[in-house]
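**Student:** Let me see the structure of the following:
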Amino acid sequence: MQIKPGFTHPHTQPFTNSANLPKNHGIGNVQGNQVASSPSKAQETPPAEQETAKTGETPEKEWTVLFYLDGNNDIEADIVNSFLTLEEVADHDKMNLVAQLGRAPQQIANPNGEKDGVDGDWDGVRQYVLSKGSATPYPRQMISTALGTHDGKINSTLVKDLGRADMSDKDNLQNFLEWGMTNFPAKHYMVVLADHGAGFLGSLSDYKSKKNMSLKDISEAFDETWDKTGKMPDVVVMDACVMAQTEAVGELQYNTKYYVGSEDYNYDCLPFQKTFKIVQEKMDGGQEVSPEEMMKTLVEQCSQFPRTPTISVVDMEKMPQLTASMKGLADALLATDTDPEIIRQVIGESTQFAEGNDRVKPYSDYRDLKNLAYNLATDPEVLDEKVKSAANTVFETMNKGVVAQEWHDGIYENYNPEDTTKVGGLTVYVPTAGFDYSHYSYIFPNDTDKDEYENTYRNLDFVKETGWDKVIDKFAFKPAKKWEAE
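**Tutor:** Next up is the predicted model:
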C-alpha cells in the first residue's frame, strides 16, 4: 500500500475476511481523569466552557463508534433524530457510542415555526457519551417518516458544552476524534461524519461561518489525530449526500481502511440503530464482529431502507490502482482524435445522480464511473482502441475496489438489479458544459469567483495525479451559465 509522505500509515495489512462481504451488485487529550480543554481557534467558547462529566480512559471494547453529527444548519431536525435513535442501542458492554452534536437555532432549523421539542431545543455544540433512551423517537413527523413518540429528553451523558463551536472547523473535528479515540479504546474504530455533502466540495457546513469543511481539512483532521494518538479508524462513513465520489475517496485514501458513502442524495440518515442491534446480538453470542462484518450489516440494512438509494464500500488499499487506471484513461482521452461530441454524448448517456436535475450543479455532473467506463469501452462510435482498453481497465479496477454495494428501485428509471454496469459505487466529476458552480449553498455563494471553484477541484490529490481536470478542459468547453438562487 502506498504511504502518505511524511508519516507511517498504521493500516498496512489488508483484512483477510473480504469473502464475507455482500455480493457487489455490479457495479480530547486526557490528563488524569479529566478531558483537557483545548478549544479550537475558530470556536466561540462560552465564558466558562461547561464540562459536566469527567471521562478517563475506559476498558477496551470491541468497537468505538464516533459520531460527528453536524446539525448546525437546516437539517438539524434530521441530525437530532439520528442521535435519539442511537440512544436505544447505547450502553452495550462491547461497543462505545460517543457523539459531538451540533444544533442550529430553531429559527434556522425550522423556519416554518415548528419546534423540535427535544431537550429544551438548546443550540450550540455538545459532546456526549450515549446512554439508553426511553423510546424510538421523534416528537413530530420528520421529513422522512413518523418514528413514534419520545419524551423530549436527551438521556445521554453530557461531557462538555462547547458553546457555538464551528462544526466546519477541522480543529473541532480533530479534537473530537482525539478525545474519543483516547478515552474510549477499542479493537476497531468507526467514524461517522453526518451532514450535507457535496462531493469534491466537501461536507460539514455551519450556518454561522457560512463555510463547510473541505476534503483536505477532513483529511488533515485524521492525520493530526494519528500524529497525536497513533490511531486511525477502520471505517469512515460519510452519512451525507453524493460523497461516494472518486475525488473524495482519493483525498481520504490514507485515513482509513474502508470508506462508505452514497453516490446519490441521502434522503435520511443511515440506519445505524438497526445495524448496531444486529451487530450487538452477534457480539452477545460470542461472535467477533470484524470491520467487514460491520459493513456487510450496514449495507444490508441500507438495502431495506428506501430513503438511502445507494450505498458503497470502498477498499482504500485498492485506491492507488484505481488512480493509476484513471490516469491511463485520462491520457488516452487527451491523446484521442475521436470527435469530442461523441465523447460528450457518451458522458451524457452515463448514469447521472442528483435526480438528474441540471439546475443543481455541480451535483448533476457527478456520473457513475463504472458506467462511464463501460460506455466508453462498448460504444460503437468510439473507435480508438487505446481509449477502449483504458476504459476497460477502469471498469475492472472498479470491480476490485468497490467491495460492497447496494442500489434500490424507486427513484431510478429502468431499474434492473441484474445489470451490473449502471451503478458501480463511485462517481466522477465529468461535466459537459464547463466548471459549473451554479448551485447556491453554504459552499460556494453566488459571488464566489469561478477561479476559486476550479482551483478547489484542480488541487485535489486525485486530480493532480490523474490529470482529470485536463479531460474536463478538453471535452467540456461550453461556457457555464451562472444560476441565481431563487
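**Student:** make it CA atoms for all contacts and neighbour counts henceforth
**Tutor:** OK.
**Student:** what about the strands in the stretch 301-450 of the chain?
**Tutor:** Assigned by DSSP state E, counting those that start in this stretch, the stretch 301-450 of the chain shows strands spanning 310-315, 366-368, 402-407, 427-429.
**Student:** Would you map the helices across the protein?
**Tutor:** In the chain, the helices defined using DSSP state H lie at 76-87, 106-109, 170-183, 215-229, 246-251, 272-284, 291-303, 319-335, 340-349, 369-378, 385-401, 450-458, 461-466, 468-475.
**Student:** coming back round to it: now tell me which of the strands of the stretch 301-450 of the chain the model trusts least on average.
**Tutor:** When those are ranked by mean pLDDT, strand 402-407 comes last with a mean of 87.
**Student:** ok, back up a step: please tabulate the strands of the stretch 301-450 of the chain in JSON lines, including the columns mean neighbour count and distance to Gln100.
**Tutor:** Shown next, in JSON lines, are those (neighbours: other C-alpha atoms under 10 Å; distance: least, C-alpha to C-alpha, whole Å):
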{"stretch": "strand 310-315", "mean neighbour count": "26", "distance to Gln100": "24"}
{"stretch": "strand 366-368", "mean neighbour count": "28", "distance to Gln100": "30"}
{"stretch": "strand 402-407", "mean neighbour count": "27", "distance to Gln100": "28"}
{"stretch": "strand 427-429", "mean neighbour count": "24", "distance to Gln100": "29"}
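**Student:** before we move on, the earlier item: adding mean pLDDT, mean neighbour count and distance to Val125, write the helices of the chain out as a markdown table.
**Tutor:** Listed next are the helices of the chain as a markdown table, based on pLDDT from 0 to 100; neighbours: other C-alpha atoms under 10 Å; distance: least, C-alpha to C-alpha, whole Å:
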| stretch | mean pLDDT | mean neighbour count | distance to Val125 |
| --- | --- | --- | --- |
| helix 76-87 | 91 | 23 | 12 |
| helix 106-109 | 88 | 18 | 14 |
| helix 170-183 | 98 | 24 | 10 |
| helix 215-229 | 97 | 20 | 18 |
| helix 246-251 | 97 | 24 | 26 |
| helix 272-284 | 96 | 17 | 21 |
| helix 291-303 | 92 | 21 | 27 |
| helix 319-335 | 98 | 21 | 34 |
| helix 340-349 | 94 | 16 | 43 |
| helix 369-378 | 97 | 25 | 37 |
| helix 385-401 | 97 | 20 | 36 |
| helix 450-458 | 82 | 14 | 28 |
| helix 461-466 | 97 | 18 | 32 |
| helix 468-475 | 94 | 19 | 38 |
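**Student:** starting at the chain centroid, how far to stretch 422-438?
**Tutor:** 17 Å (C-alpha atoms, centre = their mean, to the nearest Å).
**Student:** Next, the buried residues of that stretch.
**Tutor:** 422-438 (16 or more other C-alpha atoms under 10 Å).
**Student:** Look up which residues are beta-bridged to the residue nearest in space to the middle of the chain.
**Tutor:** Nearest to the mean C-alpha position of the chain, counting by C-alpha atoms, centre = their mean, stands Met238 at 1.9 Å. In this entry, Met238 is beta-bridged to Leu193, by DSSP bridges.
**Student:** so it makes contact with Ala194?
**Tutor:** Yes: counting by C-alpha atoms under 8 Å, Met238 does reach Ala194; the two are 6.3 Å apart.
**Student:** what about Glu87, distance to Lys277?
**Tutor:** To Lys277, Glu87 is 11 Å away according to C-alpha to C-alpha, to the nearest Å.
**Student:** if we can go back for a sec, separation between the residue nearest to the centre of the chain and Thr323?
**Tutor:** Relative to Thr323, Met238 is positioned 21 Å away (C-alpha to C-alpha).
**Student:** what's the first-to-last distance across stretch 157-177?
**Tutor:** 18 Å.
**Student:** How far away from the center of its chain is that stretch?
**Tutor:** So, by C-alpha atoms, centre = their mean, the centroid of stretch 157-177 is 18 Å from its chain's centroid.
**Student:** just to revisit the earlier point, the helices of the chain: which one's closest to Pro362?
**Tutor:** Of all the helices of the chain, helix 450-458 sits nearest to Pro362, with 10.4 Å by C-alpha to C-alpha.
**Student:** Residues in contact with stretch 455-466: which ones?
**Tutor:** For stretch 455-466, contacts defined as C-alpha atoms under 8 Å, 6 or more residues apart in numbering pick out 200-201, 216, 246-247, 250-251, 323-324, 326-328, 330, 469.
**Student:** In TSV, list those along with distance to Asp121.
**Tutor:** Formatted as TSV, the contacts of stretch 455-466 follow (distance: C-alpha to C-alpha, whole Å):
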residue	distance to Asp121
Phe200	33
Leu201	30
Lys216	33
Thr246	38
Glu247	37
Gly250	38
Glu251	36
Thr323	46
Ala324	49
Met326	48
Lys327	50
Gly328	53
Ala330	51
Asp469	45
